[in-house]
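Q: Can you look at this prediction? I've put the sequence above it.
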Amino acid sequence: MKVNFHYQKGHLYEDHGAWYVQYRQRISQADGSSQLKRVSKYLGRSNDFSNIFEVEQCRESFIQTVNRDRLSANSRITLTAFVEGAYLPWTKEERRASTSKGHEKIWINYLRNRVGELRLREFRTVDASRMLRAIAKERDLTKTTLQHIKSVLSTIFTFAKNDGAFDGANPVDGVLIPWDAREPGETHAYDLSQVLQMLDRLPLLVKSLVATAAFAGLRLGELRGLEWTDYTGTELAINRSIWRSVVNPPKTRASRNSVPVIPALAEILGEYRRSVGNPETGVVFHSGNRLPINADKVGRRVIRSTLKAIRLPWYGWHAFRRGLASNLYAMGAPDKVVQRILRHSKPHVTKEHYIKVFDRTMVEAVERMQAQIEELRKAKGDRQQLELRFDDGQPATAASECSTANGFPHRSTVRPADGQQIFSSCVGSN
């Protein structure tokens, strides 16, 4: 029998100086049946909370208890019922909008039709492993995409454990990605010369957008969320990120740091600011309606055609962020400094996924190695020539004619002036 479950958020309201949360609860009737009715829970007096965020935390804590108790009492709930009734509604409440949407797409596109009526508490590691192998075989996905699918499935069970709907070890943790799955494609970065070529040809608004992405390393959502109050002239404070029309805080705590603005970027932003009337507030990048610019549309309609004229491919906005990391690294910036500028939480993310070695850097490196080889060969040849000259100028018995001290020959080597031949002479003990 299919078991349904609906995750409750509760309705928060204030009445007569107190806060309440309204939710649904099944109430037993006199005839033995039960009905789902709306009930309210008193959270506290209005004066007990300093702000609305504290009230929200209290509501969330209580509602989690309500949902957990319902899940614990229902051991027959299916994975599908749990994900669609509890997990996905939770992501919409507790996670970034882009993260919630991404998890929903993975569930619908790859997982929902494969789990059938499998119960949540009966799910095993072998079920997840078979699922990933079947998906890889039928959809020809890369290992990176399969890893994302595994990650979503693992997060579902982590949430289920925390809500009391699942006990024991997470069954997805030990799942292996199929070894024969397709390798992911190469990611790209724009080097400094390519960025300068773009800036010479783009209109001022798009030029400012690209310069900020390339010289400050902002993510796409951070570019859209940037406001003039965040700009001091020497740095940009990253206070928000906008995905579609949803305003979120930056991705991580490390992402909320400020980034330095180099003079080249400050000059471009200053010119752009003057062109739009020197605003003090509002979003920085907009197309006249004061709403955040649709940067993806700008990329497709403006940047792509501009790059086509100079025979450069359009790799997307993130190629500027990777380019900043790669350009700084090529100039000798330490890994830790590059990490701080890109505002990554962990240094290995910067090194493994963002720093790219440009073709010219590799060519210069092997050219330096070739020059070193030639230098060493030349030095070896010079030594051989000197040895030949020495052997030609001395009798074969020269070594035996050297005077000795304590039974060992004593030699002194004199470093000649430039252009003179190196020579060795035997020096007696006296």
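A: Nice, thanks for sending it over.
Q: Next, residue 259: secondary structure please.
A: strand (DSSP: H, G, I helix; E, B strand; the rest coil).
Q: can you count the residues close to it?
A: 20 (other CB atoms under 10 Å). Every residue, glycine included, has its C-beta placed from N, CA and C.
Q: I'd say it and residue 216 touch.
A: Yes - the criterion here is CB atoms under 8 Å, and residue 259 meets it with residue 216 at 4.9 Å.
Q: Report the set of residues contacting both of those two.
A: residue 236 (CB atoms under 8 Å, 6 or more residues apart in numbering).
Q: Please, where are all the strands along this structure?
A: Under the criterion DSSP state E, the chain contains strands at 11-15, 18-28, 34-45, 235-237, 241-243, 246-248, 258-260, 404-405, 408-409, 411-414, 423-426.
Q: distance of residue 106 from residue 178?
A: Separation of residue 106 from residue 178 (CB to CB, to the nearest Å) stands at 17 Å.
Q: likewise residue 322?
A: Here the distance between residue 322 and residue 178 works out to 28 Å (CB to CB).
Q: got it, and residue 188?
A: Per CB to CB, residue 188 is found 26 Å from residue 178.
Q: do residue 264 as well
A: Applying CB to CB, the value for residue 264 to residue 178 is 47 Å.
Q: Those two: which has the busier surroundings?
A: Taking other CB under 10 Å, residue 264 and residue 178 do not tie; residue 178 has more neighbours (16 against 13).
Q: In contact with the more buried one, which residues?
A: 132-133, 136-137, 143, 146.
Q: Where does the prediction get shaky in the stretch 1-150 of the chain?
A: For the stretch 1-150 of the chain, applying pLDDT under 70 flags the ranges 1-7, 26, 28-29, 32-34, 67-75.
Q: As a check, name the ranges of all helices in it.
A: Under the criterion DSSP state H, counting those that start in this stretch, the stretch 1-150 of the chain contains helices at 52-72, 79-82, 88-94, 97-106, 112-115, 125-139, 143-162.
Q: Single out the most deeply packed of the ones you listed.
A: Across these, averaging neighbours per residue (mean count of other CB atoms under 10 Å) puts helix 79-82 on top, at a mean of 24.
Q: That helix packs against which elements?
A: The contact analysis (3 or more CB pairs under 8 Å, 6 or more residues apart in numbering; DSSP states H and E) places helix 79-82 against helix 112-115, helix 143-162.
Q: Go through the ones you listed and name the closest to residue 202.
A: Relative to residue 202, the nearest member of the helices and strands packed on helix 79-82 by CB to CB is helix 143-162, separated by 31.1 Å.
Q: Could you give the separation of the closest one from the chain centroid?
A: 18 Å (CA atoms, centre = their mean, to the nearest Å).
Q: by contact count, what packs against it?
A: Packed on helix 143-162, when contacts are counted by 3+ CB pairs under 8 Å, 6+ apart, are helix 79-82, helix 97-106, helix 125-139.
Q: right, and those - which one's nearest residue 229?
A: Taking these one by one with CB to CB, helix 97-106 is closest: 23.2 Å.
Q: May I have the closest one as CSV, with CA atoms only?
A: Once non-C-alpha atoms are left out, helix 97-106 reads as follows in CSV (Å, rounded to 0.1, in the frame of the first residue of the first chain):
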residue,chain,number,x,y,z
ALA,A,97,16.8,28.6,-4.0
SER,A,98,19.4,27.4,-6.7
THR,A,99,20.3,24.4,-4.5
SER,A,100,16.7,23.4,-3.9
LYS,A,101,15.9,23.7,-7.6
GLY,A,102,18.9,21.6,-8.5
HIS,A,103,18.0,18.8,-6.1
GLU,A,104,14.5,18.8,-7.4
LYS,A,105,15.6,18.5,-11.0
ILE,A,106,18.0,15.6,-10.2
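Q: related to what we said a few turns ago, want to try a markdown table for the helices and strands packed on helix 79-82, with distance to residue 44 as columns?
A: Output for the helices and strands packed on helix 79-82, formatted as a markdown table (distance: least, CB to CB, whole Å):
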| stretch | distance to residue 44 |
| --- | --- |
| helix 112-115 | 40 |
| helix 143-162 | 25 |
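Q: right, so of those, which gets closest to residue 100?
A: Counting by CB to CB, residue 100 lies closest to helix 143-162 out of the helices and strands packed on helix 79-82; the figure is 11.1 Å.
Q: With respect to residue 377, which of the helices and strands packed on helix 79-82 lies nearest?
A: helix 143-162 (44.2 Å).
Q: what's in contact with that closest one?
A: Under CB under 8 Å, 6+ apart, the answer for helix 143-162 is 71, 79, 82-83, 86-87, 90, 103, 106-107, 110-111, 120, 123, 128, 131-132, 135-136, 141, 166-167, 170-173, 175, 177-178, 181-184.
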